[in-house]
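Novice: Could you work out the structure for the sequence below:
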Amino acid sequence: MKKMKAHAKDIGEEIDIEALSISEASDKIAHVDIVMLGPQVRYQEKQIKEMADGRIPVTVIDMMDYGKMDGAAVLTKALATIH
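Specialist: All right, here's what the predicted structure looks like:
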C-alpha cells in the first residue's frame, strides 16, 4: 500500500487505499471504486463480486506484482480498470 500511495503522489493522483478483511469489506464496498484482492485470497473473489453486485470492478492482484511489491504496477492496473 505504501508503494501504491507513493506512486499515486508521483503521478499526481489523489487516492485512498485501505487493506480490509472480507468481513470489513461488506461495510465499505458501497463507497469504493474498485476492490483488489491479494492472490492469497483469490478464492474469495466470487463472494466479493456478489457483494459488489456488478457496481464496481473486483480484480485479483497479479501474483508477480504482489510478490515484488510493485505498487506502481498494481496502481497502474487499478487506475486503468476504473478509468
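
Novice: any idea how far residue 57 is from residue 32?
Specialist: For residue 32, the distance to residue 57 (C-beta to C-beta, to the nearest Å) stands at 10 Å. Every C-beta, even on glycine, is put in place using the N, C-alpha and C of the backbone.

Novice: And the helix or strand harbouring residue 74, what's buried?
Specialist: According to DSSP states H and E, residue 74 maps onto helix 71-82. For helix 71-82, the neighbour count (16 or more other C-beta atoms under 10 Å) marks 71, 73-75, 77-79 as buried.

Novice: same thing with stretch 44-55?
Specialist: Within stretch 44-55, the residues that count as buried by 16+ other C-beta under 10 Å are 44, 48, 51-52.

Novice: Could you look up the SS state of the residue positioned nearest the centre of the chain?
Specialist: By C-alpha atoms, centre = their mean, the chain has its centre lying nearest to residue 36, at 2.6 Å. At residue 36 the chain is in strand, as set by DSSP: H, G, I helix; E, B strand; the rest coil.

Novice: and residue 32 and residue 57? which has more neighbours close in?
Specialist: residue 32 (17 against 14; other C-beta atoms under 10 Å).

Novice: What values do phi and psi take at that one?
Specialist: Per-residue torsions, residue 32: phi -120, psi 170 (degrees, to the nearest 10).

Novice: which ones are touching it?
Specialist: residue 56 (C-beta atoms under 8 Å, 6 or more residues apart in numbering).

Novice: Report the separation between it and residue 18.
Specialist: From residue 32 to residue 18 the distance is 8 Å (C-beta to C-beta).
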